[in-house]
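Q: pasting the sequence and the predicted model now:
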Amino acid sequence: MATHAPHRDETPSVEVHDLTVAYHRKPVLWDVDVSLPSGKLVAVIGPNGAGKSTLLKAALGLVPLASGHVRIFGEPLKKARRLVGYVPQRETVDWDFPVDALDVVLMGRYGRLGWLRRPGPADREAALACLRKVGMQDFAHRQISQLSGGQQQRIFLARALAQEAMLYFMDEPFAGVDAATEKAIVEVMRELRAQGRTVVAVHHDLQTVQEYFDHVVLLNMRLVAAGSVESVFTRENLQRTYGGRLTILDEAADAVRRAGSP
Amino acid sequence: MSETMRIIFLQDANTRTVLAGATLLGVAAAVVGAFAVLRKRSLVGDAAAHAALPGVCIAYLLLGDRHFIGLLAGALVCGMFAAMFIAAVRAFTRVKEDAAIAIAIGGFFGVGIVLSRIVQNTPGGNRAGLDGFIFGKAASMVSDDARLIAIAAAVVVGVPALLYKEFKLLCFDRAFADGLGWPTFLLDLLLMTLICVCTVAGLPAVGAVLMVAMLVIPGIAARFWTDRLSSVLLLAALFGGLSGLAGTVLSDTLPVPEGAASRGWPTGPVIVLVASSIFLFSMLAAPRRGLLADLWRRRSLRRRIALHHVLRDAYEATERMGDMDASWRAETLGRDVARRTLRRAMREGLIAETAGGFVLTREGRHEAARIVRAHRLWELFLIEQADIASDHVDRDADEIEHVLPAGVIAQLEARLASQGRLPASLVVMPAVPASPHPIGPGEGRAAEPARGPTP
């Protein structure tokens, strides 16, 4: 893998400014301002429908923004694409697609290949190395439907590793995986951090936040709190995130949707 | 030379033209259609084909007759419009995609039928040959049509060949392609355009109604045979080309029933029939994904389970007698399946017949011990780790044990051994823990011990 650039440690990996995102005109994220440090493992936490995935997708440019902007290492996303890797939710693809595990990991190299060019032996080598990192080298030529859920998740992780990014967005990487896979993913994340890379992951298991992550973003349609785990992952903040339904925001969102475009 | 031979040996130019056109169309539609299927857009081609009819009519009304390329251009524009309509309905309303496609297919075709009546009522309109666009008239293909198909086929096959990795990722995981910063909207639009170009090129030959079959069937048939995208595409092209070729030859050579107004077989439908036959054959006979292979696998599993049950019964019968060499009687196994299975076990040398009944052979005893062990390990696991009541575990264990991989058995074993639940002494046979629930004739499947000297 390419060596990291140490100067990036000072710039925030992600800066989100006044971000609002709406689906079918119903806002799911309101006025989010947050800045994430570099070289850390960041958990995005919040109840269902809090907009966690949406925050990731907005940062990746996958959903239109109603307002606000996102900067990646101080640059607009367009200029920083190559620095960003992505692990989508596992259910978003058809696992009966006619490709094998190595094919999927090779897709991580597509971004640096450019139009029309096919992956070559060097890309193949890199992809195999990524498979090894997640402990899936023996499954390189397995059709992807024949892999267990945890193995599929590891293939997605390997594909992101093949992107050789500085900043990784992972959408629920631990959802529905076995203990061995969870351990493998955590190890990979720690290795990425040791190389100065940043991981921003949507996370569901409050039990493991302190063990796995350095930094948390607490989200419930709007930003509740963000900061280091020690300072922000408190009972009070969790209560503010999960407890006390934000009925006012819900009702406001519905009102906006009913009223038509804002 | 007979008519059939003339056709097969490409004696006349007209046959050569039709054959070449149909084959190329089959190949092109199969390749772009395979991508459409993988992109879950199988029906977009159908909508585009049905929407082509009003396009042809409008072009005819605007341009007048005998402007063939103009008619096809009208079809292409209108087909693209239908594809866009579906995409827009999906993006901006809450109408689901299947409903949007149904609206497009029916709506555009209805408009097309109405417009075609208007065309036919214009002077000379009944000569416009609009029926050919609905059901296709491959036999009347002229060299200009074939040339048009050849050009369309080159584009429709060439573009995915160049943009292979782009289309592959687009179809598999569009969000990831978006994340790479790819213009996935344009790629999607390009794929839709290729589908429409192919549809329109095939329209005069196969017709609006059947075009979707040319697009979709070869790719789906190919998927049964292989798990690699490149092979799916090659096989689909082969199936599509073969359908076009064989369909044309068959429609020309099959005897036509005698009759007052007997006409030849229609080429388009026969092509689709050949493609459908290839699909049916693939669905049934493909080695791994086919239905027959699936049935065979299930049958083997059923037989294995039956064999396991007989061996387990035998093992438990001898276990109750306290003598592994004791013979037991088969009568109480009762069911026909058990008898058949018993005979199979004897053929396989696992069980032997003696004067007093049956005995497990040395080999059979080993196999039976392995099975009973897996069964009991799994039962113990269910009771102790999964909190399942002991009177339920026999049934649950029955369903799982036959498919437990060796690795899981080893894990179960280690787990139980660490808790001191496994007998420490290992004899020749694999160690079998005691059954966690009472076993006996009450279980229905269990064999009665043979009458004889009891220890």
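A: Looks like it arrived, so ask away.
Q: for the rest of this, base every contact and every neighbour count on C-alpha atoms.
A: Fine.
Q: assign A:Leu19 to helix, strand or coil.
A: strand (DSSP: H, G, I helix; E, B strand; the rest coil).
Q: again but with B:Val209, I slipped
A: Assigned with three-state DSSP, B:Val209 falls in the coil class.
Q: distance of it from A:Glu75?
A: According to CA to CA, to the nearest Å, B:Val209 stands 52 Å off from A:Glu75.
Q: for A:Leu167, list each beta-bridge partner.
A: On DSSP bridges, the residues paired with A:Leu167 through beta bridges are A:Val84, A:Thr198.
Q: tell me how many other residues surround it.
A: A:Leu167: 28 surrounding residues under other CA atoms under 10 Å in any protein chain shown.
Q: likewise for B:Ala368?
A: Neighbour count for B:Ala368, taken as other CA under 10 Å: 27.
Q: same check on B:Ala326?
A: 21.
Q: neighbour-wise, which of B:Val209 and A:Glu75 wins?
A: Counting neighbours by other CA under 10 Å for B:Val209 and for A:Glu75 shows that B:Val209 has the greater number, 18 against 14.
Q: how near is the more buried one to chain A?
A: According to CA to the nearest CA, to the nearest Å, B:Val209 and chain A sit 28 Å apart.
Q: OK, contacts around that residue?
A: Neighbour list for B:Val209: B:46, B:49-50, B:134-135 [criterion: CA atoms under 8 Å, 6 or more residues apart in numbering or on different chains].
Q: among the residues you listed, which are in strands?
A: Applying DSSP state E to the contacts of B:Val209, no entry is found in strands.
Q: who wins for neighbours among those residues?
A: The most crowded member of the contacts of B:Val209, judged by other CA under 10 Å, is B:Ala49 (36 neighbours).
Q: so what's that one up against?
A: Residues in contact with B:Ala49 (CA under 8 Å, 6+ apart) are B:79, B:196, B:199-200, B:203, B:207-209, B:211-212.
Q: for the chain, what spans make up the strands?
A: Just so you know, I chose chain A. A:14-23, A:26-36, A:41-45, A:67-72, A:75-76, A:84-87, A:167-170, A:198-202, A:215-220, A:222-228.
Q: hmm, I had chain B in mind actually
A: Applying DSSP E to chain B gives strands spanning B:351-354, B:357-360.
Q: quick check: buried residues in the first one?
A: Right, the one you point to is strand B:351-354. B:351-353 (16 or more other CA atoms under 10 Å in any protein chain shown).
Q: okay, who's weakest in those by pLDDT?
A: Lowest pLDDT of those: B:Glu353, 81.
Q: so the residue nearest to that residue when sequence neighbours are not counted bridges to which residues?
A: Sequence neighbours aside, B:Val359 is the residue nearest to B:Glu353 in space, at 6.4 Å (criterion: CA to CA, 6 or more residues apart in numbering or on different chains). In this entry, B:Val359 is beta-bridged to B:Ala352, by DSSP bridges.
Q: and B:Val359, how far from A:His24?
A: 72 Å.
Q: between the two, which one's more packed in?
A: Taking other CA under 10 Å, B:Val359 and A:His24 do not tie; B:Val359 has more neighbours (24 against 13).
Q: longest helix in the chain, by number of residues?
A: Here I'm looking at chain A. Of all the segments of type helix in chain A, defined by DSSP state H, the longest one is helix A:179-194.
Q: oops, chain B please
A: As assigned by DSSP H, the longest helix anywhere in chain B is helix B:291-321.
Q: anything in that one near chain A?
A: No - residues of helix B:291-321 are not located near chain A by CA under 8 Å from any CA of the partner chain, the shortest gap being 15.3 Å.
Q: so for that helix, what gets flagged as buried?
A: Of all the residues in helix B:291-321, those buried under the rule 16+ other CA under 10 Å are B:291, B:293-294, B:303, B:305-318, B:321.
Q: thinking again about what came up before, among the buried residues of strand B:351-354, which one lies nearest to chain A?
A: B:Ile351 (36.2 Å; CA to the nearest CA).
Q: near chain B, which residues of chain A are found?
A: Applying CA under 8 Å from any CA, we find that chain A lies next to chain B at A:24, A:60-62, A:78, A:81-82, A:85-86, A:88, A:92-94, A:97-100, A:107, A:110-111, A:115-116, A:118, A:143.
Q: just the buried subset of these, written out for ChimeraX, thanks.
A: Buried residues among the residues of chain A next to chain B (16+ other CA under 10 Å), as a ChimeraX selection:
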select /A:60,61,62,81,82,85,86,88,94,97,98,99,100,107,110,111,118,143
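Q: helices - which of the residues of chain A next to chain B land there?
A: A:78, A:110-111.
Q: run through the helices of the stretch 251-400 of chain B in chain order.
A: B:267-285, B:291-321, B:336-347, B:362-384, B:390-401 (DSSP state H, counting those that start in this stretch).
Q: helices and strands around the third one, which ones?
A: Yep, that's helix B:336-347 we're talking about. With contacts taken as 3 or more CA pairs under 8 Å, 6 or more residues apart in numbering or on different chains; DSSP states H and E, helix B:336-347 sits against helix B:291-321, strand B:351-354.
Q: can I get those in CSV including distance to B:Leu130?
A: Listed next are those as CSV, based on distance: least, CA to CA, whole Å:
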stretch, distance to B:Leu130
helix B:291-321, 41
strand B:351-354, 74
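Q: wait, which of these is closest to B:Gln120?
A: helix B:291-321 (48.3 Å; CA to CA).
Q: count the residues that sit near the nearest residue to A:Val87 once chain neighbours are set aside.
A: Spatially, and ignoring its direct neighbours in sequence, A:Val87 is nearest to A:Met170 (4.5 Å; CA to CA, 6+ apart). Applying the criterion other CA under 10 Å, we find 24 residues in the vicinity of A:Met170.
Q: check A:Met170 and give its pLDDT.
A: 95.
Q: got a list of what it touches?
A: A:86-89, A:199-202.
Q: please redo it, this time with the cut-off set to 10 Å
A: Counting by CA atoms under 10 Å, 6 or more residues apart in numbering or on different chains, A:Met170 makes contact with A:43-44, A:53, A:56, A:85-89, A:156-157, A:160, A:199-203.
Q: which residue does chain A have closest to chain B?
A: In chain A, the residue that lies nearest chain B is A:Pro98 (4.5 Å; CA to the nearest CA).
Q: I figured that residue hits B:Ile220, correct?
A: No - under the criterion of CA atoms under 10 Å, A:Pro98 is not in contact with B:Ile220, lying 11.4 Å apart.
Q: joint contacts of the two?
A: Here A:Pro98 and B:Ile220 have B:38, B:232 as joint contacts, going by CA under 10 Å, 6+ apart.
Q: any stretches of the chain with poor pLDDT?
A: The chain I'm using is chain A. Applying pLDDT under 70 to chain A flags residues A:1-10, A:244-258, A:260-262.
Q: actually it's chain B I care about, not the one you picked
A: Scanning chain B for pLDDT under 70 picks out the ranges B:1-11, B:65-66, B:125-128, B:259-262, B:330-337, B:384-404, B:419-433, B:438-455.
Q: close to chain A: what parts of it are there?
A: Contact residues, chain B versus chain A (CA under 10 Å from any CA of the partner chain): B:38-40, B:91-94, B:161-166, B:168-169, B:171-182, B:223, B:226-232.
Q: list only buried entries from those residues.
A: Buried subset of the residues of chain B next to chain A (neighbour count, 16+ other CA under 10 Å): B:38-39, B:161, B:164-166, B:168-169, B:171-182, B:223, B:226-227, B:229, B:232.
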